[in-house]
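**Q** Coordinates for the following, if possible.
(one chain, ligands or ions: 1)
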Amino acid sequence: MKLYFSPTSPYVRKVTMMALEVGVDDQIEHLVMAGAGPDSEVANANPLGKVPALVRDDGSTLYDSPVICEYLDTLHNGDKLIPASGEDRLFVLKMQALADGALDAGVSQITERRRPENEQSPGWIEHEQKAQSQSLTEMENNVAGLGNDVTLAHITFCAALGWFDFRNPDWDWRENCPRLADWYASYSARPSAMATEPKDPV
Ligand SMILES: N[C@@H](CCC(=O)N[C@@H](CS)C(=O)NCC(=O)O)C(=O)O
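**A** Presented below is the predicted three-dimensional model:
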């Protein structure tokens, strides 16, 4: 399998943490992208031009990160990181959507701030900040429910919080989210989290 990869993308990090947790990372070749977008090479595998995108050995492709994680979870015989059915499954998928959504709102703010100053919309940035901050409150309220057995929800929470620290180190999200902060401090010590910490390319 080949994975269109960026070392700074939190969505790619999700997929890589998932692959490490389920023991299939050594089956994945990383195609490191300098940039993504609909005009980039990534569009060969994902018409949206977004990473992560996975090319399977038969040439078929999968995207986006939730779908790739779902696929990786089928490739091993150990405990599944996405429950097969019922309320447990819905909870994990909902928590994934929540943390992915908080990330989407963070990425959207950065994208807006990178536009020429006279084209930026302060109203849009405020809109996305509110969505992000409400999502964090919901993560704080649900973190105790994640439990000790690692699931895709844990992985997505870690990817989101790690990226917030990486891209916005001055933002003290921990102040209003003490349970999330404690959980993150402990989860970040997992080998899959330590091996995938976001970093700018040298
Ligand atoms: N929902 C997607 C989001 C992927 C995404 O936004 N990737 C960003 C990098 S962090 C990207 O490739 N952006 C390029 C672009 O939008 O042109 C997922 O979960 O995989």
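**Q** secondary structure element for Ala99?
**A** With the criterion set as DSSP states H and E, the secondary-structure element containing Ala99 is helix 86-113.
**Q** got it, and Asn142?
**A** In this structure, Asn142 is located in helix 122-142 according to DSSP H and E.
**Q** Could the C-alpha coordinates of the following helix or strand past that helix be exported in PDB?
**A** Toward the C-terminal end, the helix or strand that comes next after helix 122-142 (DSSP H and E) is helix 152-167. Only the C-alpha atoms of helix 152-167 are listed here, as PDB (Å, rounded to 0.1, in the frame of the first residue of the first chain):
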ATOM      1  CA  LEU A 152     -10.100   5.400  16.800                       C
ATOM      2  CA  ALA A 153     -11.600   8.000  19.100                       C
ATOM      3  CA  HIS A 154      -8.500   8.100  21.200                       C
ATOM      4  CA  ILE A 155      -6.300   8.400  18.100                       C
ATOM      5  CA  THR A 156      -8.400  11.300  16.700                       C
ATOM      6  CA  PHE A 157      -8.400  13.200  20.000                       C
ATOM      7  CA  CYS A 158      -4.600  12.900  20.100                       C
ATOM      8  CA  ALA A 159      -4.200  14.000  16.500                       C
ATOM      9  CA  ALA A 160      -6.400  17.100  17.100                       C
ATOM     10  CA  LEU A 161      -4.800  18.200  20.400                       C
ATOM     11  CA  GLY A 162      -1.300  17.600  19.100                       C
ATOM     12  CA  TRP A 163      -1.900  19.700  16.000                       C
ATOM     13  CA  PHE A 164      -3.400  22.500  18.100                       C
ATOM     14  CA  ASP A 165      -0.200  22.600  20.100                       C
ATOM     15  CA  PHE A 166       2.000  22.400  17.000                       C
ATOM     16  CA  ARG A 167       0.200  25.100  15.000                       C
END
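**Q** what's helix 152-167 packed up against?
**A** With contacts taken as 3 or more C-beta pairs under 8 Å, 6 or more residues apart in numbering; DSSP states H and E, helix 152-167 sits against helix 10-22, helix 65-72, helix 86-113, helix 178-187, helix 191-194. No exception for glycine: its C-beta is placed from N, CA and C like everyone else's.
**Q** Can you list the buried residues in the last one?
**A** So that's helix 191-194. By neighbour count, and taking 16 or more other C-beta atoms under 10 Å as the criterion, the buried residues in helix 191-194 are 192-193.
**Q** Other residues contacting it?
**A** In this structure, residues lying in contact with helix 191-194 by C-beta atoms under 8 Å, 6 or more residues apart in numbering are 16-17, 20-21, 155, 158, 162, 187-188.
**Q** Now a PyMOL select for only the buried ones of these.
**A** Selection command for PyMOL covering only the buried members of these, criterion 16+ other C-beta under 10 Å:
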select buried, resi 16+17+20+21+155+158+162+187
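**Q** Good, we can wrap up now.
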